[in-house]
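Have a look; sequence and predicted model below, questions after that.
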Amino acid sequence: RKTENNTRAMEAVALHDFTPSNSDELRFSKNQLLKVLSMDVDPGWYLAELNGQSGLVPSNYVRMADHSWYVPNCTRSHAEELLLKRDARGTLIQPDGAFLVRTSETTAPDFSISVKFGNQLQHFKVLKDEAGKYYLWFTKFDSINQMIQYHRLNSISQTNSHMLLRDMVDPVAVPSGPAQNRAAPAALAGPQTTALPSQQRVVALFDFNPQDPDELRFRQNDVITVLGKEDESWWLGETEDGRRGVFPYNYVQPYS
C-alpha cells in the first residue's frame, strides 16, 4: 500500500468501531472524530490520525465532515475567477465572505484560503506549528474544518471585523473518496442522511462558546437533543445535563 501524505487534514466522524487486523491500521470507536491526512493512500482506505497516532482506516467506516469549500488543484488566478464571477448584468454572484480553501501554489502541500469581499479577493496562508495545529493569527485549531467553522462566526481578517466566511452560492463539486476495490472490512454503512428533524440527537463536532446568553455552551463529543430550529443556521437544543439554548447547526452531526 502507498503511504504518501497529502496533508488534507480534513475531519471525519467514525460510523462504527474498528479493530485493526494489520499493524499499519488505526483503532477507533464509533463517534470519535478523526483527522484525515490523505484520501489517496489506497482504494477504500484513508490515512488518518487520532490522539497523536496515525494509521490506515477503512473509508466506509467513517463519514467525512463537509468540506465542499476545498477545491483541489486550484490556482490563485482560478480562485479569483470563481469568487469574482459576474452574472449577465455584470453583478458579482458571490456574497461577501464567500471563500474556498486551496493548496498553496508556493508552499504545497500547505493551504491558502481565498475570500471575496467587495469586488476584491484576499488570500490568507494557513500556518502550521510543530504540534500540527493550524492557525492564521493567534487562535490555533486541530484541523482545517475547525478553523473554517470558527471564522464563520469570527472575522478572518485582522483589519475588517465583518469578514465572516460564507459558503459560495454555487460551490465547486469536490469528488468523493476513492472507490473501494480492496479487502476493506465489509461495510456496515448504508446511505447516510444529514436531515435533522426535531427531537433527534446530534453529537458536537467542535467546542462552542456562546456569544449571547440564549446560546448553548457545549464541548466536542457532547450529545444534544434538537428541540427545534430558530432558522436555517441556528437550532434549539438541550444537553444531557438539562441545559437549553440555541447553537449553530454546522457545529453538530447526527448521533447514531
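Received the coordinates, thanks. Numbers count the residues shown, from 1 in each chain.

Please name the bridge partners of Pro58.
On the basis of DSSP bridges, Pro58 is bridged to Trp45.

pLDDT score assigned to it?
Model confidence at Pro58, expressed as pLDDT, equals 91.

Neighbours of it, how many?
By other Cβ atoms under 10 Å, the residues close to Pro58 number 22. For glycine as for every other residue, the C-beta is placed from the backbone atoms N, C-alpha and C.

same question, the one 10 residues further on
One way to gauge burial is a neighbour count; for Ser68, by other Cβ under 10 Å, it gives 12.

dump the residue contacts of the nearest residue to Pro210 once chain neighbours are set aside.
With sequence-adjacent residues excluded and distances taken as Cβ to Cβ, 6 or more residues apart in numbering, Pro210 is closest to Arg217, at 5.3 Å. Shown in contact with Arg217 (Cβ atoms under 8 Å, 6 or more residues apart in numbering): Phe208, Asn209, Pro210, Arg243, Gly245.

Quick check: phi and psi at Arg217.
phi -80, psi 140 (degrees, to the nearest 10).

got it, and Ile93?
Here is the backbone geometry of Ile93 (degrees, to the nearest 10): phi -80, psi -40.

now swap in Leu82 and tell me
Torsion angles, degrees, to the nearest 10, at Leu82: phi -70, psi -40.

So which of the contacts of Arg217 belong to helices?
Residues of these located in helices (DSSP state H): none.

okay, now the domains of the chain?
10-64, 76-153, 201-254 (automatic domain parsing).

so for the longest one, what's the average pLDDT?
Looking back up the chat, that one is domain 76-153. Here the average pLDDT along domain 76-153 is 87.

Between the two ends of that domain, how far is it?
One end of domain 76-153 to the other measures 25 Å (Cα to Cα, to the nearest Å).

what does the last one give?
End-to-end distance for domain 201-254, by Cα to Cα: 7 Å.

in the stretch 101-250 of the chain, which spans are strands?
Here the stretch 101-250 of the chain has its strands, by DSSP state E, counting those that start in this stretch, at 111-117, 120-125, 127-128, 134-135, 140-141, 201-204, 223-229, 234-239, 244-248.

Would you mind finding the most buried of those strands?
The highest average neighbour count among the strands of the stretch 101-250 of the chain, using mean count of other Cβ atoms under 10 Å, belongs to strand 111-117 at a mean of 22.

and that one, which strands flank it?
Using DSSP bridges, the strands paired with strand 111-117 are strand 99-103 (antiparallel), strand 120-125 (antiparallel).

what residues are up against Thr239?
Thr239 makes contact with Leu216, Phe218, Asp222, Val223, Ile224 under the criterion Cβ under 8 Å, 6+ apart.

quick check, nearest of those residues to Ala79?
Phe218 (33.9 Å; Cβ to Cβ).

circling back: what would the strands of the stretch 101-250 of the chain look like in JSON lines with distance to Ser54?
Below are those laid out as JSON lines (distance: least, Cβ to Cβ, whole Å):
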{"stretch": "strand 111-117", "distance to Ser54": "19"}
{"stretch": "strand 120-125", "distance to Ser54": "24"}
{"stretch": "strand 127-128", "distance to Ser54": "15"}
{"stretch": "strand 134-135", "distance to Ser54": "16"}
{"stretch": "strand 140-141", "distance to Ser54": "18"}
{"stretch": "strand 201-204", "distance to Ser54": "23"}
{"stretch": "strand 223-229", "distance to Ser54": "27"}
{"stretch": "strand 234-239", "distance to Ser54": "32"}
{"stretch": "strand 244-248", "distance to Ser54": "30"}
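
Let me know which of the ones you listed is the nearest to Met163.
Closest approach to Met163 among those is made by strand 111-117 (5.5 Å; Cβ to Cβ).
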